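Chemist: Could you work out the structure for the sequence below:
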Amino acid sequence: MTQPSEDPNADEQYHIEVGPEDVADTVLLPGNPERVEKITEFWDDHEERAYHREYRTATGTYDGVPISVTSTGIGSPSAAIAVEELARVGVDTFIRVGSCGAIQPEMDVGDLVITTGGVRQEGTSKEYVREDYPATADFEVVSALIAAAERLGYDYHTGITMSADSFYAGQGRPGFQDFMAAGGEELVENLKEANVKNIEMEAAGIMTIANVYGLRAGAVCSVYANRVTGEFRTEGESRASECASLATKLLAKMDEKKAEAGVDRWHAGLSLD
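Modeler: Numbers count the residues shown, from 1 in each chain. Below you'll find the model as predicted:
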């Protein structure tokens, strides 16, 4: 079996099989490789650059702005590999694009959730940094996602996302033969009372690792289910994809405005028009 290069900055990365010339500065991160095609439908053009295991990468332009997408598979362990290897080939901005379960009663199926911070129930980020280190979304990414949702006219919510490693036991669902993990029956209610908005499996890991490395990251997910009301429908997936793509264009504008003003961070005093 071929072993990964000892050079962490080698041109072609071991798992995702891309080099610096294959990706844009901003990469969208869906879980499902099939979602890559649904994301690129909104772009001007695209070309698939690699497809190895769960990691499928395409690069193109959205309204003239370079943009890439790499699928990560399910969960933070595989998402962390994508972030690591994409960072090594020059990517500096990551936007998780996915689906989630809402846990606040006013949230409807099809709504968007724009993550501002994460509950680190996944275990991957704990291998990077102490458990009380916060999983926070980058302010510029959050601002761009909100502006994109507003311009597109999509209903959205902002707030804290819980990321779990397990789809069943770790999210308070019964497992095989109705097995219930300790604390599972109270999990959703406890998170709801703490004003957590949604549950998914990658955002907290992606954001923590990006913060450790000084990179930008955030997440936007479509609500597929409401765990409080019991509503479930797989709809609204395209909204998260379109929102993240437009946010990439807005981030590029932010970067231009920062350069013109000679500042390091975008703020409300810098117009995006």
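Chemist: Tell me the spacing between residue 199 and residue 105.
Modeler: 15 Å (CB to CB, to the nearest Å). Every C-beta, even on glycine, is put in place using the N, C-alpha and C of the backbone.
Chemist: Apart from its chain neighbours, what residue comes closest to residue 99?
Modeler: Distances taken as CB to CB, 6 or more residues apart in numbering put residue 224 closest to residue 99, at 4.5 Å, once the chain neighbours are dropped.
Chemist: Likewise for residue 136?
Modeler: Among residues not flanking residue 136 along the chain, residue 117 sits closest, at 4.8 Å (CB to CB, 6+ apart).
Chemist: The one you found is in what secondary structure piece?
Modeler: strand 112-120 (DSSP states H and E).
Chemist: Check residue 50 too.
Modeler: strand 45-52.
Chemist: Verify the contact between residue 31 and residue 203 for me.
Modeler: No: using CB atoms under 8 Å as the test, residue 31 is too far from residue 203 to be in contact (10.8 Å).
Chemist: Looking at the two, which is more packed in?
Modeler: Legend: neighbour count by other CB atoms under 10 Å for residue 31 and residue 203, higher for residue 203 (34 against 21).
Chemist: can you pull the contacts of the residue lying closest to that one once chain neighbours are set aside?
Modeler: Residue nearest to residue 203 in three dimensions, not counting chain neighbours: residue 219, with 4.0 Å by CB to CB, 6+ apart. By CB atoms under 8 Å, 6 or more residues apart in numbering, residue 219 lies in contact with 95-98, 114-115, 137, 161, 200, 202-203, 206-207.
Chemist: How about residue 148?
Modeler: 242-244, 246-247, 250.
Chemist: Give me the distance between residue 269 and residue 180.
Modeler: Taking CB to CB, one finds residue 269 at 51 Å from residue 180.
Chemist: I meant residue 109, not that one.
Modeler: 25 Å.
Chemist: more crowded one of those two?
Modeler: More crowded of residue 109 and residue 180, by other CB under 10 Å: residue 109, with 18 against 14.
Chemist: shouldn't residue 211 be in contact with residue 217?
Modeler: Yes: between residue 211 and residue 217 a contact is recorded at 7.4 Å, counting by CB under 8 Å.
Chemist: Neighbour count for the two, which is higher?
Modeler: Taking neighbours as other CB under 10 Å, residue 211 and residue 217 compare with residue 217 leading, 26 against 20.
Chemist: returning to that earlier point: what does the next helix or strand after the strand holding residue 117 contact?
Modeler: Sequence-wise, the next helix or strand downstream of strand 112-120 (DSSP H and E) is strand 135-136. Contacts to strand 135-136, defined as CB under 8 Å, 6+ apart, come from residues 116-120, 125, 163, 203-205, 207-208, 211.
Chemist: Sheet partners, orientation included, of the strand holding residue 117?
Modeler: Applying DSSP bridges, strand 112-120 is found paired with strand 135-136 (antiparallel), strand 156-163 (parallel), strand 216-226 (antiparallel).
Chemist: coming back round to it: ok, of the contacts of strand 135-136, which one's closest to residue 66?
Modeler: residue 207 (22.7 Å; CB to CB).
Chemist: returning to what we had before: what's the lowest-pLDDT member of the contacts of residue 219?
Modeler: Across those, the smallest pLDDT goes to residue 98, namely 95.
Chemist: Surely it touches residue 239?
Modeler: No: in this structure residue 98 lies outside contact range of residue 239 using CB under 8 Å: 11.8 Å.
Chemist: Overlap in contacts, those two.
Modeler: Jointly contacting residue 98 and residue 239 under the rule CB under 8 Å, 6+ apart are residue 222.
Chemist: Of the two, give the one with the bigger neighbour count.
Modeler: Counted by other CB under 10 Å, residue 98 and residue 239 do not tie: residue 98 has more neighbours, with 27 against 22.
Chemist: list the contacts for the nearest residue to that one once chain neighbours are set aside?
Modeler: Nearest residue to residue 98 in three dimensions, chain neighbours excluded: residue 221, at 4.8 Å (CB to CB, 6+ apart). Residues counted as contacts of residue 221 (CB under 8 Å, 6+ apart) are 96-100, 112-113, 115, 161, 198, 200, 203, 240.
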